[in-house]
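Enquirer: what would the 3D arrangement of this be:
(one chain, ligands or ions: 1)
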Amino acid sequence: MQLLHLDSSILGTASVSRQLSSEIVARLQALHPGIQLSYRDLATDPALHLSGAHLAAFQGVVSDNESINADLIKGNAYMDELMAADILVIGVPMYNLSIPTSLKAWIDRIALAGKTFRYTEHGPEGLLKNKQAYLASSRGSVYAAGSPAAMLEHQESYLTGLLAFLGITDVKVIRAEGMAFGPEAKTAALAHAREDIAAIMA
Ligand SMILES: Cc1cc2nc3c(=O)[nH]c(=O)nc-3n(C[C@H](O)[C@H](O)[C@H](O)COP(=O)(O)O)c2cc1C
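Expert: Below is the predicted model of the structure:
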């Protein structure tokens, strides 16, 4: 069994989503002894934004640009790691109502027609079957359904939608929100998230 762990927070050791994603991984390791881990810190080692040079390379044009070539190798490794994974754990803070750009850059490499999804006469079909995902979500404010800010929530909704588009529909969100509402709110939200982690079953 393989687990792919991604982090995308720029806050290093102060990051809530990194803390929660590592606790989810520890819980899954306890539930699945011997599970193989691969890890990507997308914040400290991001892929480049897609460019015309990338698209040309995808069409078979050989580039003499070292940075593009190294980045193409990184993108291929992203895809291999995703394909091999049975479980994904993704640390995803909300940045400006959405996901960090480093995580979007990862998505831009793994959302590939013919590989992770395809279009059929019935519409799009996700090709990633039999994978589970856990999202360690953190955000400064509160975006729960029914709250005034709910319509601004484009972080979890985007990521769960994207994963479903690729065929990954078994997605559990472990959420700590209201991180900017003071220490008491933060402590309560973290305690709630940890209860959700403890409740993860094999
Ligand atoms: C660049 C940046 C943008 C942010 N944008 C939002 C936002 O749009 N909405 C929000 O509720 N919190 C926002 N926050 C607060 C973070 O979501 C919050 O601090 C969260 O805990 C970050 O996760 P982390 O601790 O794993 O880095 C932002 C923080 C940063 C650094």
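Enquirer: the residue nearest in space to the middle of the chain - nearest residue in space that isn't next to it in sequence?
Expert: Central residue of the chain (Cα atoms, centre = their mean): residue 90, 3.8 Å from the mean position. Spatial nearest neighbour of residue 90, excluding adjacent residues (Cβ to Cβ, 6 or more residues apart in numbering): residue 6 at 4.8 Å. Yep, even glycine has a C-beta here, placed from its N, CA and C like the rest.
Enquirer: what's the mean pLDDT across the helix or strand hosting that neighbour?
Expert: Residue 6 belongs to strand 2-7 when assigned by DSSP states H and E. Throughout strand 2-7, pLDDT has a mean value of 98.
Enquirer: check which residues of that strand are buried.
Expert: Buried residues in strand 2-7, counted by 16 or more other Cβ atoms under 10 Å: 2, 3, 4, 5, 6, 7.
Enquirer: that one near the ligand anywhere?
Expert: No. Judged by Cβ under 6 Å from any ligand atom, strand 2-7 makes no contact with the ligand; its nearest approach is 8.2 Å.
Enquirer: name the helices or strands packed onto that strand?
Expert: When contacts are defined as 3 or more Cβ pairs under 8 Å, 6 or more residues apart in numbering; DSSP states H and E, strand 2-7 packs onto helix 16-31, strand 36-41, helix 66-84, strand 87-93.
Enquirer: try 6 Å
Expert: helix 16-31, strand 36-41, strand 87-93 (3 or more Cβ pairs under 6 Å, 6 or more residues apart in numbering; DSSP states H and E).
Enquirer: buried deepest among those, which one?
Expert: The highest average neighbour count among the helices and strands packed on strand 2-7, using mean count of other Cβ atoms under 10 Å, belongs to strand 87-93 at a mean of 25.
Enquirer: sheet partners, orientation included, of that one?
Expert: If you go by DSSP bridges, strand 87-93 pairs up with strand 2-7 (parallel), strand 132-139 (parallel).
Enquirer: what does this structure have sitting close to the ligand?
Expert: Residues of the chain found near the ligand (Cβ under 6 Å from any ligand atom) are 9, 11, 15-18, 93-97, 138-141, 179.
Enquirer: let me see the contact set for residue 160.
Expert: With contacts taken as Cβ atoms under 6 Å, 6 or more residues apart in numbering, residue 160 has the following neighbours: residue 171.
Enquirer: and if you look at the one 3 residues further on?
Expert: Shown here is residue 163, whose contacts under the criterion Cβ under 6 Å, 6+ apart are 133, 171.
Enquirer: measure it to residue 199 for me?
Expert: Here the criterion is Cβ to Cβ, to the nearest Å. By it, residue 163 lies 21 Å from residue 199.
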